[in-house]
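Q: how would this look folded up:
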Amino acid sequence: NMGRVFYSAHPRVYAQGRVAINVNQGNDEEGLSHKPFQMAACGVPMLHNDVQGLEDCFEPDREVAVFSTPMEAVEKVQELLDSPDKRTSLAHAARERLCRDHSWNVRFRQMLEISGFSSIFQLCVPTPNRSLALPALISQQQSLR
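A: Residues are numbered from 1 along each chain as shown. This next block holds a predicted model:
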């Protein structure tokens with residue numbers, strides 16, 4: 001029994017497991033919390049309840065094991081515990097996907113595109129001769145509209 005696990009210790013605890021399980025709250029029928037991303041970053045295979053939007057972030061059965069009922073969750077956990085190769089494959093694929101598609105660099109670019117500021121993305125990347133000046137750039141972009 002570990003007792004309370006403080007937020008800052010979550011990654012260390014996830015990484016110790018053979019399988020990490022995440023279940024969205026009952027009122028969250030779609031979308032994900034940050035937990036699956038943390039689990040993927042820790043290199044642990046994960047099992048997640050089937051929610052709308054999960055497949056947009058992680059490919060079921062290749063990057064994440066998915067369940068719909070409590071009994072299916074038990075069966076999936078047992079399958080994963082019985083198959084070290086499957087656990088390793090899921091963990092590696094999820095971490096690879098996280099690094100490729102869910103980095104801040106990728107997500108920041110997507111946020112700018114959605115908000116209509118994609119043309120200034122290159123200007124927002126700090127370089128040795130230029131600091132990040134996003135608020136000024138946003139004001140400038142808004143004045144052009």
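Q: The chain: helices as residue ranges?
A: Using DSSP state H, the helices of the chain run over 10-16, 35-41, 54-57, 70-82, 84-101, 104-115, 134-143.
Q: Can you say which of those is packed in most?
A: helix 35-41 (a mean of 21; mean count of other Cβ atoms under 10 Å). Heads up, the C-betas are built off the backbone N, CA and C, glycines and all.
Q: dump the residue contacts of the residue most central in space within the chain.
A: Residue closest to the mean C-alpha point of the chain, counted by Cα atoms, centre = their mean, is residue 37 at 2.5 Å. By Cβ atoms under 8 Å, 6 or more residues apart in numbering, residue 37 lies in contact with 57, 98, 102.
Q: Please name the nearest non-neighbouring residue to the last one.
A: If I follow you right, that is residue 102. Spatially, and ignoring its direct neighbours in sequence, residue 102 is nearest to residue 37 (5.9 Å; Cβ to Cβ, 6 or more residues apart in numbering).
Q: From what I see, residue 32 and residue 54 are in contact.
A: Yes. Counting by Cβ atoms under 8 Å, residue 54 is a contact partner of residue 32 at 6.3 Å.
Q: got the end-to-end distance for stretch 24-37?
A: 13 Å (Cα to Cα, to the nearest Å).
Q: I'd like the distance from it to the chain centre, please.
A: Averaging C-alpha positions (Cα atoms, centre = their mean, to the nearest Å) puts stretch 24-37 11 Å from its chain's average.
Q: buried residues in that stretch?
A: Buried residues in stretch 24-37, counted by 16 or more other Cβ atoms under 10 Å: 24, 32, 35, 36, 37.
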